[in-house]
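Trainee: Generate coordinates for the sequence data below:
(one chain, ligands or ions: 2)
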Amino acid sequence: MVASYLPVKIAFIGGSGLYNLEGLEVVTEVNPETPWGKPSDAIVIARTPTGLHVAFLARHGRGHYLTPSEVPGRANIAALKSIGVEVIIAFSAVGSLREELKPRDFVLPDQIIDRTKGIRDSTFFEKGLVAHAMFADPFSRVLEEVIWDQKHVVEGGDFHRSKTLVCMEGPQFSTRAESHMYRALGGDLINMSALPEAKLAREAEIAYQMICMSTDYDCWKEHEEPVTVEAVVANFKSNASNAQKLLVAILPGLQDVVENGKALVGLKGSMRFACMTAPEKRNKEAVKKLEYLLPGYYTV
Ligand SMILES: CSC[C@H]1O[C@H](OP(=O)(O)O)[C@H](O)[C@@H]1O
Ligand SMILES: Nc1ncnc2[nH]cnc12
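Mentor: Numbers count the residues shown, from 1 in each chain. Ligands and ions are numbered 1, 2, ... in the order given. I've put the predicted structure just below:
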């Protein structure tokens, strides 16, 4: 029997300092075993005051036991997809590479520069099933608008949009030379978590937007203390209450774009045509795994 709360179409991924949903009634927890393993932690299903069900997943696990490189990105995205998720709002604590993006400001990036090191599993398409997803615009413009409309709920910091996020490997922070290089490359923000999460969401045909919460100035300011975990933690405590308020404020807008189908425009069906592998050459195991994510797309 299908649980009454399914499908859950809206999901939140919480990052550093954001491990739980506050103020929403928890209905249950689910922990699906996907073909790519188990997600970072159990997915919490909660009910909003208007009766909408939403999902929450702590990226590093509740208690923060997974490094950015260890986060099981494929299992996280596949598990969310398996309960019906169509949109993901992902929160992240980030460093600022620009004077005007102050600690405690909120920022919606629209671009990513990939500085991960190829050690993370970053695609569902491999081993005999090849597909190339479009990724020129890594975030959802529709979700960006929904969030931007509610920017007034954030207190004690400004809200910015259309910035470029550098995603580095970590877990160590950058050197000063790297921090200057990222600025010279056009980076505005830096974190360790946007990738492969955003790529995998795209492959799963899930609309995805990251909300960045600035915690520090990294280490490009020559006469200031470089970033430390203490500084990040101090700021993400204040960011967390803004994040919880924002999360609740955007629920009606999210419900609207899910219900009117706007969230999935350009995404739904896109991976059907992104596949390059001839039907007779498709690896059966790979096709079977992809059935979990995109049922009916690659079977012949
Ligand atoms: C705690 S500082 C570095 C750490 O914080 C960010 O995590 P998340 O994106 O999950 O909020 C950053 O990406 C690093 O993983
Ligand atoms: N300076 C920084 N570099 C990378 N990830 C971060 N997360 C928060 N601050 C960061």
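Trainee: Quick one: classify Ala286 as helix, strand or coil.
Mentor: When classified by DSSP: H, G, I helix; E, B strand; the rest coil, Ala286 comes out as helix.
Trainee: what ranges do the strands span in the stretch 1-150 of the chain?
Mentor: Using DSSP state E, counting those that start in this stretch, the strands of the stretch 1-150 of the chain run over 10-14, 25-30, 43-47, 53-58, 87-96, 106-115.
Trainee: do the stretch 151-300 of the chain as well
Mentor: According to DSSP E, counting those that start in this stretch, the strands that the stretch 151-300 of the chain contains are 159-168, 189-191, 207-216.
Trainee: who touches Lys81 in this structure?
Mentor: Listed by Cβ atoms under 8 Å, 6 or more residues apart in numbering, the contact partners of Lys81 are 204, 206, 293. Where C-beta positions appear, they are placed from N, C-alpha and C, glycine not excepted.
Trainee: circling back: mind putting the strands of the stretch 151-300 of the chain in a markdown table, mean neighbour count included?
Mentor: Output for these, formatted as a markdown table (neighbours: other Cβ atoms under 10 Å):
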| stretch | mean neighbour count |
| --- | --- |
| strand 159-168 | 21 |
| strand 189-191 | 27 |
| strand 207-216 | 27 |
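Trainee: Nearest to ligand 1, out of those?
Mentor: Nearest to ligand 1, of all the strands of the stretch 151-300 of the chain, is strand 189-191, at 3.5 Å by Cβ to the nearest ligand atom.
Trainee: outside of the closest one, which residues touch it?
Mentor: 15, 92-98, 101, 107, 109, 163-168, 174, 179, 182, 212, 214, 218.
Trainee: Determine whether any part of that strand lies close to ligand 2.
Mentor: Yes. Contact between strand 189-191 and ligand 2, assessed by Cβ under 6 Å from any ligand atom, occurs at 190-191.
Trainee: Give me the sheet partners of that strand and which way each runs.
Mentor: Taking DSSP bridges as the criterion, strand 189-191 sits next to strand 87-96 (antiparallel), strand 159-168 (parallel) in its sheet.
Trainee: looking only at pLDDT, what's the mean for that strand?
Mentor: Strand 189-191 shows a mean pLDDT of 98.
Trainee: Please shift the residue numbers so they start at 225 in all later answers.
Mentor: That works, and once the first residue is 225, the last one we named lands at strand 413-415.
Trainee: Run through the helices of the protein in chain order.
Mentor: Along the chain, the stretches classed as helices by DSSP state H are 297-306, 365-372, 400-408, 421-427, 453-473, 475-483, 508-517.
Trainee: Pipe these into CSV and attach distance to ligand 2 and mean pLDDT per row.
Mentor: Shown next, in CSV, are the helices of the chain (distance: least, Cβ to the nearest ligand atom, whole Å; pLDDT from 0 to 100):
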stretch, distance to ligand 2, mean pLDDT
helix 297-306, 17, 98
helix 365-372, 20, 98
helix 400-408, 8, 98
helix 421-427, 14, 99
helix 453-473, 5, 91
helix 475-483, 25, 97
helix 508-517, 29, 97
